[in-house]
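> pasting the structure only:
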């Protein structure tokens, strides 16, 4: 079964509630066996719109990534992100 990647591109507009989101989301990721590969490092935008905060998280499967997103823990954290920034989040299945 191929791994999956949670990829987020974010512009934070209100750091305090976003920090609450980040704390809760990190706990949800850990509870679901996720591995953070990149979070908030330097960015070089080459084409298209880029955002200042980018995150790549690895899961054992697309189903595991979806279960994390749907979990009560993540959804509770997500409430702090709404209105604290603009985000694009996708789940991407890897190759075998």
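Thanks, I have it. Just so you know, these numbers come straight off a predicted model, no measurement behind them.
> going forward, measure contacts between C-alpha atoms and count neighbours the same way
OK.
> Tell me who's in contact with the residue lying farthest from the centre of the chain.
In the chain, counting by CA atoms, centre = their mean, residue 96 sits farthest out from the average C-alpha position, at 22.2 Å. Shown in contact with residue 96 (CA atoms under 8 Å, 6 or more residues apart in numbering): 1-3.
> residue ranges for the strands of this structure, please.
Along the chain, counting by DSSP state E, strands occupy 4-12, 35-39, 53-59, 85-93.
> could I get these as a markdown table with distance to residue 71?
What follows is the strands of the chain, written out as a markdown table (distance: least, CA to CA, whole Å):
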| stretch | distance to residue 71 |
| --- | --- |
| strand 4-12 | 14 |
| strand 35-39 | 17 |
| strand 53-59 | 14 |
| strand 85-93 | 15 |
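> want to throw those strands into CSV with distance to residue 27, mean neighbour count and mean pLDDT?
CSV is the format used below for the strands of the chain (distance: least, CA to CA, whole Å; neighbours: other CA atoms under 10 Å; pLDDT from 0 to 100):
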stretch, distance to residue 27, mean neighbour count, mean pLDDT
strand 4-12, 15, 19, 97
strand 35-39, 12, 14, 96
strand 53-59, 13, 20, 97
strand 85-93, 18, 15, 96
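> Give me the buried positions along the biggest helix by length in the chain.
Of all segments of type helix in the chain, defined using DSSP state H, the longest is helix 15-31. Judged by neighbour count (16 or more other CA atoms under 10 Å), helix 15-31 contains these buried residues: 17-22, 24-26, 28-29.
> could those residues go into a markdown table alongside distance to residue 38 and pLDDT?
What follows is the buried residues of helix 15-31, written out as a markdown table (distance: CA to CA, whole Å; pLDDT from 0 to 100):
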| residue | distance to residue 38 | pLDDT |
| --- | --- | --- |
| 17 | 21 | 97 |
| 18 | 18 | 97 |
| 19 | 17 | 96 |
| 20 | 19 | 97 |
| 21 | 17 | 97 |
| 22 | 14 | 95 |
| 24 | 17 | 97 |
| 25 | 14 | 97 |
| 26 | 13 | 96 |
| 28 | 16 | 98 |
| 29 | 13 | 98 |
